[in-house]
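> predicted model and sequence below, questions to follow.
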Amino acid sequence: MERGDAASAWFPWAQVGLDAIDGLAAEVGLHRMAATEDCGRWFVELGRGEAAA
């Protein structure tokens, strides 16, 4: 996790499908800001700002 110049310690990765991320994020007050696919893997940015269209 990163915020500004601060970063948390590394943590074990978890796998969450793209179809499930929105619900999980909403449970902690976040929403999808962006989603990008690269070589069959999805990367999602979550945040509290304005949701991606």
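Arrived safely.

> hey, what's H31 bridged with?
For H31, the beta-bridge partners are G47 (DSSP bridges).

> just checking, it touches E45?
No: taking contacts as C-beta atoms under 8 Å, H31 lies outside contact range of E45: 10.2 Å. All C-beta atoms are positioned from the backbone trio N, CA, C, and that covers glycine.

> which one's more surrounded, the two?
Set side by side, H31 and E45 show more neighbours around H31, with 15 against 12, by other C-beta atoms under 10 Å.

> the more buried one and D5, how far apart?
24 Å (C-beta to C-beta, to the nearest Å).

> then D38?
26 Å.

> repeat that for E45.
18 Å.

> ok, now L46?
Distance from L46 to D5, by C-beta to C-beta: 19 Å.

> neighbour count winner among the two?
With neighbours defined as other C-beta under 10 Å, L46 and D5 compare such that L46 has more, 17 against 5.
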